[in-house]
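Asks: Sequence first, predicted model second:
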Amino acid sequence: MAILRQHEVLKMQTEEKLKKIKEFKLELAKERSSVAIGGTVKNPGRLKEIRRTVARIKTSLNNE
């Protein structure tokens, strides 16, 4: 169920990682804002996976 696995993240270039972080944070913000205005989340597990994927990418960036 992981969006990006660790070995996939390790193969990416730094620019790609930064781009992916921006994309995932934007998606996360959209989901959170829809909940804040009274909507519902289609897939609550997706929020957790997005957060974990961003953490994986950031960890990989710190280790470079």
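Replies: Nice, I can see it. These numbers come from a predicted model, not from an experiment.
Asks: so what does the helix or strand where residue 46 lies touch, helix or strand wise?
Replies: Using DSSP states H and E, residue 46 sits within helix 44-62. Of the remaining helices and strands, those touching helix 44-62 by 3 or more C-beta pairs under 8 Å, 6 or more residues apart in numbering; DSSP states H and E are helix 6-11, helix 14-36. Every C-beta, even on glycine, is put in place using the N, C-alpha and C of the backbone.
Asks: would you turn the ones you listed into CSV with mean pLDDT, mean neighbour count and distance to residue 54?
Replies: Supplementary listing: these in CSV, determined by pLDDT from 0 to 100; neighbours: other C-beta atoms under 10 Å; distance: least, C-beta to C-beta, whole Å:
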stretch, mean pLDDT, mean neighbour count, distance to residue 54
helix 6-11, 92, 12, 11
helix 14-36, 93, 13, 5
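Asks: give the contact list for the closest residue to residue 35 other than its chain neighbours.
Replies: On the basis of C-beta to C-beta, 6 or more residues apart in numbering, the spatially nearest residue to residue 35 that is not a chain neighbour turns out to be residue 41, at 5.9 Å. When contacts are counted by C-beta atoms under 8 Å, 6 or more residues apart in numbering, residue 41 touches 31, 34-35, 47.
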